[in-house]
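Trainee: Just the structure for this:
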Amino acid sequence: MAKSTDRCESNGAGTFDSIQPVDLDDPLEGISLIGKYSRRDFIKGIIASGVAISGIPYMVNGQTRALGSPGSVERLISLNVNGQVRRVDVLPNETLVMTLRYKLGLTGTKLGCDRGECGACTVLIDDVNHYACSTLTHRIRNRSVTTVEGLEDSSGELHPIQTAFVRELAPQCGFCTPGQIMSAVALLNENPNPTREEAREALAGNLCRCGAYDHYLNGVMSAAEEMNRG
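Mentor: Below you'll find the model as predicted:
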């Protein structure tokens, strides 16, 4: 049976607040700890540090095996963006919207819902509109990517869709506008003379928080007419 006695706890003011039992058989009892840390905190700290140290070889060896394994992904890849080949360091799980915005500085591609629902991150991949937030960058090697920054021609003229959207007062806050533009461009590339219903369906994947859907549709129809005139 463990022996115990009573110990007085001083409050530092020359008086004693309480009397607590002391286990004489406990080897840690009586160790002076700094500040307000208890014996229990001391033991927890020892356990935690032991777990952390024991895990270091596992983490280092695991990373080494991952980098050298046959299935590892090459991080430095070439991307064809807006007609230019760029070499980029890309993580295996990195999405295209993150690469475009934070590696290449193409911030016209917006990051909205980040789950493939709002369409703010829409870009063209081989002239077909895709959500960049749900497209892994590593999967578009050897393919052509076009963002809203790549629509102007060599003389700096905007795309007819862009000028039509401005003319029809489509952008309100403007956050969804780049995605709306890219979806509209993809439509007119495939169907130069769409009906209004076809235009509505083509833009259905792009949300507008300001509710300016009719303005965007008017812009698509106006741009189609202008482009067909030559």
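Trainee: Now do the end-to-end distance for stretch 195-213.
Mentor: Start and end residues of stretch 195-213 are separated by 15 Å (C-alpha to C-alpha, to the nearest Å).
Trainee: now stretch 87-107
Mentor: Across its full length, stretch 87-107 reaches 18 Å between end residues, using C-alpha to C-alpha.
Trainee: Then stretch 201-217?
Mentor: Distances were taken as C-alpha to C-alpha; on that basis the terminal residues of stretch 201-217 are 10 Å apart.
Trainee: tell me the domain boundaries of the protein?
Mentor: If the domains of the chain are taken from automatic domain parsing, they occupy 4-59, 76-150, 160-229, with pieces of a single domain joined by a plus sign.
Trainee: As a check, name the ranges of all strands in the protein.
Mentor: Shown for the chain, the strands assigned by DSSP state E span residues 4-10, 16-23, 76-81, 84-89, 122-125, 128-131, 144-146.
Trainee: Now do the same contact list for the nearest residue to Pro171 once chain neighbours are set aside.
Mentor: Leaving aside its sequence neighbours, Pro171 sits nearest to Thr177 (C-beta to C-beta, 6 or more residues apart in numbering; 4.4 Å). Bear in mind the C-beta positions are built from the backbone N, C-alpha and C, glycine included. By C-beta atoms under 8 Å, 6 or more residues apart in numbering, Thr177 lies in contact with Phe165, Ala170, Pro171.
Trainee: For the last one, give me phi and psi.
Mentor: Going back to what we said before, that points to Pro171. Comment: the main-chain dihedrals of Pro171 come out as phi -70, psi 130, following degrees, to the nearest 10.
Trainee: Might you report the residue contacts of Arg143?
Mentor: For Arg143, the contacting residues are Asn80, Ile125, Asp126, by C-beta under 8 Å, 6+ apart.
Trainee: Filter those down to the buried ones and hand me the PyMOL line.
Mentor: Restricted to buried positions by 16 or more other C-beta atoms under 10 Å, the PyMOL selection for these reads:
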select buried, resi 80+125
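Trainee: where does the protein dip in pLDDT?
Mentor: By pLDDT under 70, the low-scoring segments of the chain are 1-73.
Trainee: re earlier: output the contacts of Thr177 in TSV; the columns should cover neighbour count and distance to Leu76.
Mentor: Conversion of the contacts of Thr177 to TSV gives the following (neighbours: other C-beta atoms under 10 Å; distance: C-beta to C-beta, whole Å):
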residue	neighbour count	distance to Leu76
Phe165	26	37
Ala170	28	39
Pro171	21	37
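Trainee: residues contacting the nearest residue to Leu124 once chain neighbours are set aside?
Mentor: Nearest-residue entry for Leu124: Thr146, 4.1 Å, with adjacent residues in sequence omitted and distances by C-beta to C-beta, 6+ apart. For Thr146, the contact set (C-beta under 8 Å, 6+ apart) comprises Val81, Asn82, Val123, Leu124, Ile125, Asp127, Met182.
Trainee: Cool, thanks, talk later.
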